[in-house]
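[1] Give me the fold of what follows.
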Amino acid sequence: MPDARRAVGAAGEAAVAAWYEAAGFTVLDRNWRVREGEIDLVVRRGGVVVFCEVKTRRSDAYGAPAEAVTARKQARLRTLALRWLDARGARAEQLRFDVASVRPDGRGRWCVDVLDGAF
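    Predicted coordinates:
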């Protein structure tokens, strides 16, 4: 990934992490990687563990950011979530999969839209 795209993605992920923290969640992991893929963000509030796929775009020229989370990507994230739980020895009362769309707000900041329980 070119550095400019990587910087945009990192800025979007940081904005989403801040959004979750402001909503009372604790960030457990960012960019957790194994051979099969990566989980962008893992957060927890109470007994709910959320696995969030973050999609950051500089514009909607190629569609809304959340549209990039295909059924194949969803299946991969479910598998990765089980791997994360196993690797951490973690338990949760409830698992949730969110998708966060991040776009510039036109004032030098990011607009974060989180779709709870997206899949």
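[2] So what touches the top strand by length along the chain?
    Assignment by DSSP state E gives strand 94-104 as the longest strand of the chain. In this structure, residues lying in contact with strand 94-104 by Cβ atoms under 8 Å, 6 or more residues apart in numbering are 12, 15-16, 19, 41, 47-60, 64-66, 69, 74, 77-78, 81, 110-119. For every residue, glycine as well, the C-beta is placed using N, CA and C.
[3] Buried only: go through these for me.
    The neighbour count (16 or more other Cβ atoms under 10 Å) marks 12, 15-16, 19, 41, 49-57, 65-66, 69, 77, 81, 110, 112, 114, 118 as buried among these.
[4] Which ones among these lie within helices?
    Using DSSP state H, the subset of the buried ones among the contacts of strand 94-104 located in helices is G12, A15, V16, W19, L77, A81.
[5] now the residues you listed as TSV including distance to F25 and pLDDT?
    TSV is the format used below for these (distance: Cβ to Cβ, whole Å; pLDDT from 0 to 100):
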residue	distance to F25	pLDDT
G12	17	93
A15	14	97
V16	10	98
W19	9	98
L77	18	97
A81	16	97
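[6] now the nearest residue to A23 once chain neighbours are set aside, which residues is it bridged with?
    Nearest non-adjacent residue to A23, counting by Cβ to Cβ, 6 or more residues apart in numbering: R45, 7.5 Å away. Partner residues in beta bridges with R45, using DSSP bridges, are V48.
[7] Surely R45 and A22 touch.
    No. Contact criterion Cβ atoms under 8 Å: R45 and A22 do not qualify, at 11.7 Å.
[8] quick one, which of these two is more surrounded?
    R45 (13 against 9; other Cβ atoms under 10 Å).
[9] Which strand or helix spans W32?
    strand 26-34 (DSSP states H and E).
[10] Partner strands of that strand, with direction?
    Per DSSP bridges, strand 26-34 is paired in its sheet with strand 37-45 (antiparallel).
[11] what's the angle from the strand it pairs with to strand 94-104?
    Calculated by axes from the mean of the first three to the mean of the last three Cα atoms, to 10 degrees, strand 37-45 forms an angle of 110 degrees with strand 94-104.
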